[in-house]
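S.K.: Predicted model, plus sequence, below.
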Amino acid sequence: MGTHGRARHPSPLSRRAFLAGSAATGLALAGCGAPDVAAGRARVRQWNLFGGGDGARLVQMHEQFQDEHPRTALQAYTFAWGAPFYTKLAMSAAGGRAPEVATLHLSRLRGFSPTTLLDPFPRNMLTEAGITEEKFLPDVWRRCLVDGDLYAVPLDTHPFVTYYNTEICAEAGLLDADGRLAPFSGVDGLVDALRAVREVTGQFGASVETTNPWRLWYSLYRQLDGEFFDESGTELILDDDKAVQVLTLMRDLADEGLLPRFADYPACVAMFSNGQAGLSFNGEWEVTTYTTAELPFSMAPFPDVYGSIRTAGDSHTFVLPHQRDRSTEDTRATVEYIAWMLEHSVDWAAGGHIPAYQPVATSDEYLALTPQSEYREVADDVQFDPQAWFSGSGSQMQSEAAAAFAGVTSGDLPPEQAVAQFRAAVLKLLDTPSPV
Amino acid sequence: MAVNVSSTAAGRSGTATARTGSPRTERLAGLWFVLPFLALFAAFMIWPVVSGLWQSFFNVSLAGGEASFLGLDNWTEMIGDAAVWDSLWNTVAFTLMSTPPLVAIALVMALLANRSGWFGWLLRFAYFAPFVLPVAVVTLIWVWMYQPGFGLVNAFLTGIGLPEVGWLNDESVAMLSVVITTTWWTVGFNFLLYLAALQGIPQHLYEAAAVDGASPRQRLWRVTLPMLRRTTGLIVVLQLVASLKIFDQIYLMLDGGPNNSTRPIIQYIYETGFTSYRIGYASAISYMFFAVIILISVAQFRLFSGRKEESQ
Amino acid sequence: MTQVNVAGSRSARNGEPGAGVSSARAARPARGAGPRWSFGSAAVAVGAALLAVVWLIPLAWALSTSLKPEAETTRIPLSLLPSTVTVDAYTSVLSNGDIVRWFWNSTVVSVLVTVLTLVVSVLAAYGFSRTRFPGRSVLFAIVVAGILVPPQVLIVPLFDEMVTLGLVDTYWGIALPQVVAPIMVFILKKFFDGVSRDYEDAARVDGASRLRIVWSVILPMSKPILVAVAIFTFIQAWNNFLWPFIVTTDPQMMTIPVGLANVQGSYGLRYAQVMASAVLGGLPLLVVYALFQRHVIRGVGDAGIKG
């Protein structure tokens, strides 16, 4: 059910806003949406797609922000992740009464039609607030620029990583003297490690989300130096051999019982939580779940299987959805909010995300976070989705990949056919006239 | 559609003739009466109907920007787009699956509840109550009822020794789940129409049947049901058209899933226009669907009015 | 024969058909109208009661769940009734504030839609029924053709239009397209056609203006049908999902059905709260229906049979 309705987090802020709002609604009938009658207070409506642990953390941070900024009225809303959120956000930006700020996956930026549905950041305001280029990784910053304008401010980078159950892995002999997972590499290294773990669990080596294996597939495909689109971004140059090679590995691992044949997202998490698997390849955002469950676990980069530590990932950013009448005062408060969030992003990092703001990413406070800082070195190797209007987190291309690849681990579809199906789907998308 | 069915009674006092010889201003006064409605009608019905057709020939984007003329590209793309036909089929499948129970159960309810007193009130309340609920309330309740393990429906099944059913995640039953929920929610409306028709059956027919010594069962089959034939035709017509417009319950309960197996055409229009920004293409699909609905409505209307003449 | 208060009360029971609408009798208990079962009536009554119970179970189950402590909602085996009744779920849902806001939005929108629909439809129906002006029959034919247009296929161009008009996320944006109800104009026009002109002519002789006539002659005579149209329109507007879902993106502007679609995600697996929101969301019309069953059944039947 999490996939349809839009969600929001209960927050004391919205109640305040409601009381203020209802008083003025009669007057505002002909006018805008929720009226802001808190005269003299800047309004920052923030829309996001963070559920679970991230959502709870965001609410805490927002409460702290609100306490420290009584002159700003912050209203945060959480929508259901993926398509429902992005659809509403695009519709609201098209409608002209969008919220002041929203979160957006960096991989979605170009497909979102930034020049019409987003407003560029006023650089002088950013500079005033201390948000400047040198405080971010160059590659990430570059991706936030469209035609020379800055349309997104990155909050974090979130790579695909390895979770490991310390008790199970100790028993399997996979830990080093410090109690960390001893790095393994190569296909053989991976297989040996998974086998050793399975010896202990008696079930699986690692849990992965087989119903949507895009992240696993793309990590490995990029480790093979596989390319996707050509320079112009209009032609598919998918390397079928490499694509098949990766899927064949995934199928072989599932055939041997080292990976589950069928696991949707909750199952992937559950298999690691309940010890059916001693390793789990997944995004780093489940750290709160496992910590709360008091599971003996730690984290490491996704293994080097084909000669690099490339791993699939993305970045959460803040954007300014397009408003017909953007108020300078509200925008200033919004930038102030973003700067505050970046400066406090060590709290955000507790949820697993690597801070994008380098003063925090290199701070002692962040480095002291374990296991959250154990994989920070991959930030530079994170592989964003190929760029197209139909790609990115929660995009149509990812669901096409899911549809094609899910049959491989289950044994229903040979890797060659899966790649052919995916290729055909992507070609069809490329064929579709871009609406952006 | 079924418009002339019940208007007959209204024509009681004869249609008035207009006052002739009114001054010109008096004649134009009529325009002022219809103007407010016509203005809204033009703005929010005629205009979107026209602009939708217009846009179907352009690559209009939700993101704005210049749209260029595509000719029939959107229309030819639609013909080759399997998702259009899959979702249209889902819509048709829902219609075919939902109409029979929505008509049959409504009839049974009307026969049962056609009584006076507190018991009749209670029955009418129970049968019609779900109809006044907003769809989101209905789906919240049924998603909860359909849960595995602690969901009421599965708990009942396991309680009587049957296996659990994956109401919301099994592709082969998901549509059935929607049909059950929809029947519960909207059957009350058809029930009302039947009830009204039942109460309109002239008492003397029953009295005559009773004089002839007909048993209650014979009265049901020989008097009641034949007298309801026209109402049934009307209800089937209304129900088919209503079912074709399915979106809300499927979107809210299943988001068209699992694996798009229940996604109705209106959801595909929504996704095309608003998730993928393709307003132009979505307009083309809307128009195709519009044509389907008009065709079915007209065909039914003809069938129905033909049958009516026959019966008179 | 004008039956001013058919919908009003007991008079409706006295066998006189409502003011010319076939389904008016739905409101009247079928005293003696149906067959008298000489045998098996007990079995029929039991069957009827059983079906009623089945139909009420989901509502009862939602209510029961909403009154349970959260931990009890997913406990297996299920307990049909709460071990201890608590209103915690309601307190959390209400203190969150949004549902109150959505109630307010729904109320504003439904009242706006109902009032505007009545006003413009009555005026138009009167115009079409009682006045002559150039193009009258063509215009009326176009309006009748509008009955065939399903609003669902207009969502895309209509949203685009709302973007242009700047009405996305406004009450007017939610309400105005719902006011366009050609079927209501049609129903009212047919009704007016059947109303005698005698009083009207008398009033004209007395020098009353047309608007005055509509107000003080036509409206009082049309009360039952107006009540029917109003009730039907209000329920439709209150429960409408698709259009408000399309045209509102700001949660502060959502109506009850659209806002409630949010609930699931935000409470996660806290089913007591989810069910409490469902009960709160469904309660207003349920109460109205329980209190005014006769009117609601009539309204829905009269207006709905033609829609």
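M.R.: Cool, got the structure. Numbering: from 1, shown residues only, chains lettered A, B, ... in the order given.

S.K.: Please name the residues that touch residue 235.
M.R.: Because you didn't say which chain, this covers chain A. The neighbours of A:E235, taking C-beta atoms under 8 Å, 6 or more residues apart in numbering or on different chains as the test, are A:F229, A:L430. Glycine gets a C-beta too; all of them are placed from N, C-alpha and C.

S.K.: my bad, the chain I had in mind was chain C
M.R.: The neighbours of C:I235, taking C-beta under 8 Å, 6+ apart as the test, are B:V132, C:L285, C:V296, C:G299, C:V300.

S.K.: so where does it fall, helix or strand?
M.R.: helix C:223-239 (DSSP states H and E).

S.K.: Could you find the closest non-adjacent residue to residue 290?
M.R.: No chain specified, so I'll use chain A. Of all residues not flanking A:Y290 in the chain, A:F297 sits nearest, at 5.1 Å (C-beta to C-beta, 6 or more residues apart in numbering or on different chains).

S.K.: Not quite, go with chain C.
M.R.: Using C-beta to C-beta, 6+ apart, the closest residue to C:A290 is B:F125 (6.4 Å).

S.K.: Just the element for that neighbour, please.
M.R.: Assigned by DSSP H and E, B:F125 falls within helix B:117-128.

S.K.: Also B:T183?
M.R.: With DSSP H and E as criterion, B:T183 is part of helix B:171-199.

S.K.: The residue nearest to A:Y290 is in contact with A:P371, isn't it?
M.R.: Yes: applying C-beta atoms under 8 Å, one finds A:F297 in contact with A:P371, separated by 7.4 Å.

S.K.: Output the contacts of C:I235 in TSV; the columns should cover neighbour count.
M.R.: Formatted as TSV, the contacts of C:I235 follow (neighbours: other C-beta atoms under 10 Å in any protein chain shown):
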residue	neighbour count
B:V132	22
C:L285	21
C:V296	24
C:G299	25
C:V300	26
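
S.K.: phi, psi of whichever residue of the stretch 1-150 of chain C sits closest to chain A?
M.R.: Closest contact between the stretch 1-150 of chain C and chain A, by C-beta to the nearest C-beta, is at C:G97 (3.8 Å). C:G97 adopts backbone torsions of phi 90, psi -30, taken as degrees, to the nearest 10.

S.K.: do A:D304 as well
M.R.: The phi/psi pair for A:D304 (degrees, to the nearest 10) is phi -80, psi 100.

S.K.: residues from the stretch 151-300 of chain B in reach of chain A?
M.R.: Proximity of the stretch 151-300 of chain B to chain A (C-beta under 8 Å from any C-beta of the partner chain) is limited to residues B:168, B:251-252, B:254-255, B:257, B:259, B:271, B:274-279.

S.K.: Please say whether there is contact between the helix holding B:T183 and chain C.
M.R.: Yes: among the residues of helix B:171-199, B:W184, B:F189, B:L192, B:L193, B:L195, B:A196, B:A197, B:L198, B:Q199 lie within reach of chain C under C-beta under 8 Å from any C-beta.

S.K.: ok, the last one to B:W118 distance?
M.R.: The one in question is B:Q199. To B:W118, B:Q199 is 18 Å away according to C-beta to C-beta, to the nearest Å.

S.K.: Next, count neighbours for C:R212.
M.R.: By other C-beta atoms under 10 Å in any protein chain shown, 13 other residues sit near C:R212.

S.K.: Return the mean pLDDT over stretch B:289-305, rounded to an integer.
M.R.: Averaged across stretch B:289-305, pLDDT comes to 86.

S.K.: distance between it and the chain's centre?
M.R.: Put simply, stretch B:289-305 sits 13 Å off its chain's centre (C-alpha atoms, centre = their mean, to the nearest Å).

S.K.: for it, which positions count as buried?
M.R.: Buried positions in stretch B:289-305, judged by neighbour count with 16 or more other C-beta atoms under 10 Å in any protein chain shown: B:F289, B:F290, B:V292, B:I293, B:I296, B:S297, B:Q300, B:F301, B:F304.

S.K.: wait, what's in contact with the third one?
M.R.: Going back to what we said before, that points to B:V292. Per C-beta under 8 Å, 6+ apart, neighbours of B:V292: B:L88, B:L244.
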